[in-house]
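[1] Got a predicted structure plus its sequence, pasted below:
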Amino acid sequence: MKDMTDIGTGPLLRVEGLAKYYGARVGCEGVSFDLYPGEVMGIVGESGSGKTTLLNCLAGHLAPDAGQVLFDRAGQLVDTVTMSEPERRMLSRTDWAFVHQHAHEGLRMNVSAGGNVGERLMGLGARHYGKIREQAVDWLGRVEIAEDRVDDRPTAFSGGMRQRLQIARNLVTGPRLVFMDEPTGGLDVSVQARLLDLLRGLVREMGLSAIIVTHDLAVVRLLADRLMVMKSGQVVETGLTDQVLDDPQHEYTQLLVSSVLQV
Amino acid sequence: MKQEQGGTMISVQDVSKTFTLHNQGAAVIPVMEGASLQVAAGECVALVGASGAGKSTLMRMIYGNYLSASGRIMVGEVDVASAEPREILRLRREVLGYVSQFLRVVPRVATLDVVAEPLLAVGVTAEEARARAADLLGRLNIPERLWGLSPTTFSGGEQQRVNIARGFARQYPAMLLDEPTASLDAANREQVMQLIEEAKARGAAIIGIFHDVEARDRVCDRAVDVTGFTPAKVA
């Protein structure tokens, strides 16, 4: 529930001075922000601006060269950069989820839809086949995949269905923070709208926090509470989504917003 | 939030605004200076002034989608001019409603759910939220057969009424109304007038832009001319 964004509670994620370099080239640099429970933050910028590098550093897929990624665990902020590999892997199976742009990167393509969802539960120790299947079917329903498709492999699914399956696989374990990399990229417009509606509903019902990387300003307008604009690895502007889009302050953001037909 | 009748709910204090157009030679355009106004609970104040005088600009500054260069904008206990995004988000969820001129929604969402959403966002049950949404859509003469469809395909007037229904779904202590009666026929205009009067009666502080003079005279207690907030031309 959105009410969980109480001013009194502490941040779910605190990022301080995060940097990643590729040799002499800056991947991202000097990134700091707080994300609170129930908040959805969009990261926008053009290709090569460092937004995907940043997301991968946050999610533990890339080791940053400097900075901290602190995550709330039972009221204590724990640095996920310095924690052990097994601990971090456990985190990405429980409290964290990652939705890839290309569904096949986040799915096992030769395993049934039900198996894809069940696998994440089994990773947490679920062993009762009937219960796993029941939960898998329930989640497929929530992402609007019919029960009679539960035994089909994702190879037989359309792009939009695969993306919804990937979301079900990620959310079945009830994460608190979801990282999304261009979740609607490559889908046609009507499928995008359906996915956006689904994501909005899930974020609200589950009280999820999310960080969404996209170059699509219309997507963040509908999905994100807050925006971070990146250029050449640096954060050039942050703020409330409609404020950044309606009254952009930085030169680059003004260019970005004025380049879109309509957002 | 319970609001005492007559207590100040919205207070704009010496606010200014400039636009810097980086891609047009970094031109700095001052658009507002020394803007001040107060709105009490249960009061409706009209913003007036010629087109381009800054009525919508001021309204957007109060809602927080335009930044203020200086001054304070108190809505309840939050200073919108300096608040963190999440404080403004909470303010919008719980205290400050806004009926804009344009409906902006996720394309495939049913009209009933579009209207119910502000209620769902504060934890009202789906059943109760939909009942309230149905009541408002009925009052604003949106035929029931359209409730299951996305409003993106509706006519301009229908979209405007859906937008109004959504804006009035929650009983906000403070509201901003941008031309709420534009493009409405007499019957629907009357419904909107009554919604505004009901909101005032329960203590809402309202700021409105009305080109419809008759509507303005009926619901507004006084008018503030924003022309007075226009900066002196820079030579």
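    It's in.
[2] which stretch of helix or strand covers residue A:117?
    Under the criterion of DSSP states H and E, residue A:117 resides in helix A:113-123.
[3] which residues touch that helix?
    A:93, A:107-108, A:111, A:126, A:132-133, A:135-137, A:139-140, A:145, A:149-154, A:157, A:165, A:168-170, A:172-173 (CB atoms under 8 Å, 6 or more residues apart in numbering or on different chains). No exception for glycine: its C-beta is placed from N, CA and C like everyone else's.
[4] Just the C-alphas of that helix, formatted as PDB.
    Extracted C-alpha coordinates of helix A:113-123, given in PDB (Å, rounded to 0.1, in the frame of the first residue of the first chain):
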ATOM      1  CA  ALA A 113       6.100 -21.300 -17.600                       C
ATOM      2  CA  GLY A 114       5.000 -22.900 -14.300                       C
ATOM      3  CA  GLY A 115       8.600 -24.200 -13.800                       C
ATOM      4  CA  ASN A 116      10.000 -20.800 -14.400                       C
ATOM      5  CA  VAL A 117       7.800 -19.400 -11.600                       C
ATOM      6  CA  GLY A 118       8.200 -22.400  -9.300                       C
ATOM      7  CA  GLU A 119      12.000 -22.500  -9.600                       C
ATOM      8  CA  ARG A 120      12.400 -19.200  -7.700                       C
ATOM      9  CA  LEU A 121      10.200 -20.700  -4.900                       C
ATOM     10  CA  MET A 122      12.300 -23.900  -4.900                       C
ATOM     11  CA  GLY A 123      15.400 -21.700  -4.600                       C
END
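[5] tell me the contacts of the single nearest residue of chain B relative to chain A?
    In chain B, the residue that lies nearest chain A is residue B:22 (3.5 Å; CB to the nearest CB). Residues near residue B:22 by CB under 8 Å, 6+ apart: A:250-251, A:254-255.
[6] Would you convert those into a markdown table that also reports secondary structure?
    Shown next, in a markdown table, are the contacts of residue B:22 (DSSP: H, G, I helix; E, B strand; the rest coil):
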| residue | secondary structure |
| --- | --- |
| A:250 | coil |
| A:251 | helix |
| A:254 | helix |
| A:255 | helix |
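[7] what about burial for the contacts of helix A:113-123, which qualify?
    A:107, A:126, A:132-133, A:135-137, A:139-140, A:145, A:149-150, A:152-154, A:157, A:165, A:168-170, A:172-173 (16 or more other CB atoms under 10 Å in any protein chain shown).
[8] elements contacting the helix ranked longest in chain B?
    Among the elements of chain B assigned as helix by DSSP state H, the one spanning the most residues is helix B:186-201. Packed against helix B:186-201 by the contact rule (3 or more CB pairs under 8 Å, 6 or more residues apart in numbering or on different chains; DSSP states H and E) you find helix B:156-169, strand B:205-209, helix B:213-219.
[9] buried sites along the last one?
    Right, the one you point to is helix B:213-219. B:215-216, B:219.
[10] want to throw those into a markdown table with pLDDT?
    Putting those into a markdown table (pLDDT from 0 to 100) gives the following:
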| residue | pLDDT |
| --- | --- |
| B:215 | 94 |
| B:216 | 96 |
| B:219 | 97 |
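[11] Going along the chain, name the strands of the chain.
    If you meant another chain, say so; for now it's chain A. Assigned by DSSP state E, chain A shows strands spanning A:13-22, A:25-35, A:40-44, A:66-73, A:76-79, A:96-99, A:177-181, A:209-213, A:226-231, A:234-240.
[12] not what I meant, chain B
    Under DSSP E, chain B gives strands at B:8-21, B:27-40, B:44-48, B:70-75, B:78-79, B:96-99, B:174-178, B:205-209, B:222-225.
[13] Show me the one of those that comes nearest residue A:161.
    Nearest to residue A:161, of all the strands of chain B, is strand B:96-99, at 36.4 Å by CB to CB.
[14] what's the model's confidence in that closest one, averaged?
    Strand B:96-99 carries an average pLDDT of 96.
[15] That one pairs with which strands?
    Sheet pairing of strand B:96-99 (DSSP bridges) gives strand B:174-178 (parallel).
[16] sorry, back to before: among the helices and strands packed on helix B:186-201, show me which one is buried the most.
    Most buried of these by mean neighbour count (mean count of other CB atoms under 10 Å in any protein chain shown) is strand B:205-209; its value is a mean of 25.
[17] quick one on the thing from earlier: distance from the chain centre to the helix holding residue A:117, please.
    In this view, helix A:113-123 has its centroid 19 Å away from the chain centroid, taken as CA atoms, centre = their mean, to the nearest Å.
[18] What's the local residue count around the spatially closest residue to residue B:32 that is not a sequence neighbour?
    Nearest residue to residue B:32 in three dimensions, chain neighbours excluded: residue B:17, at 4.1 Å (CB to CB, 6 or more residues apart in numbering or on different chains). Using other CB atoms under 10 Å in any protein chain shown, the number of residues around residue B:17 comes to 24.
[19] mind listing what residue B:17 touches?
    Residue B:17 touches B:30-32, B:35, B:54, B:57, B:61, B:66-69, counting by CB under 8 Å, 6+ apart.
[20] Could you do residue A:86 as well?
    So residue A:86 contacts nothing (CB under 8 Å, 6+ apart).
[21] State the distance from it to residue A:93.
    Residue A:86 is 11 Å from residue A:93, where distance means CB to CB, to the nearest Å.
[22] Could you do residue A:77 as well?
    20 Å.
[23] Contact residues of chain A facing chain B?
    Within chain A, the positions near chain B by CB under 8 Å from any CB of the partner chain are A:1-3, A:5, A:7, A:36, A:39, A:189-190, A:193-194, A:196-197, A:200, A:204, A:221-222, A:225-226, A:239-240, A:242-243, A:246-247, A:249-251, A:254-255, A:258.
[24] any low-confidence regions in the stretch 151-263 of chain A?
    Applying pLDDT under 70 to the stretch 151-263 of chain A flags the ranges A:261-263.
[25] For chain B, what's the nearest residue on it?
    residue A:251 (3.5 Å).
[26] Next one, pLDDT for the nearest residue in space to that residue that is not next to it in sequence please.
    Using CB to CB, 6+ apart and skipping the chain neighbours, the partner closest in space to residue A:251 is residue B:22 (3.5 Å). If you check residue B:22, the pLDDT there is 89.
[27] okay, now the domains of chain B?
    For chain B, automatic domain parsing gives the domain ranges B:1-95+B:172-235, B:104-170.
[28] Nearest to residue A:179 among these would be which one?
    So among those, domain B:1-95+B:172-235 is nearest, using CB to CB, at 19.5 Å.
[29] Surely residue B:110 and residue B:149 touch.
    Yes. Residue B:110 is in contact with residue B:149 according to CB atoms under 8 Å; the separation is 6.5 Å.
[30] is it possible to export the domains of chain B to JSON lines including distance to residue A:48?
    As requested, the domains of chain B are exported to JSON lines (distance: least, CB to CB, whole Å):
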{"stretch": "domain B:1-95+B:172-235", "distance to residue A:48": "20"}
{"stretch": "domain B:104-170", "distance to residue A:48": "29"}
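[31] And for residue A:243, the neighbour number?
    22.
[32] OK, contacts around it?
    Taking CB under 8 Å, 6+ apart, one finds B:64-67, B:85 in contact with residue A:243.
[33] out of those residues, what pair is the most spread apart?
    Among those, B:66 and B:85 lie farthest apart (CB to CB), at 14.0 Å.
[34] show me where the stretch 51-200 of chain A has helices.
    In the stretch 51-200 of chain A, helices defined by DSSP state H, counting those that start in this stretch lie at A:51-58, A:85-93, A:103-106, A:113-123, A:129-142, A:159-171, A:189-206, listed in chain order.
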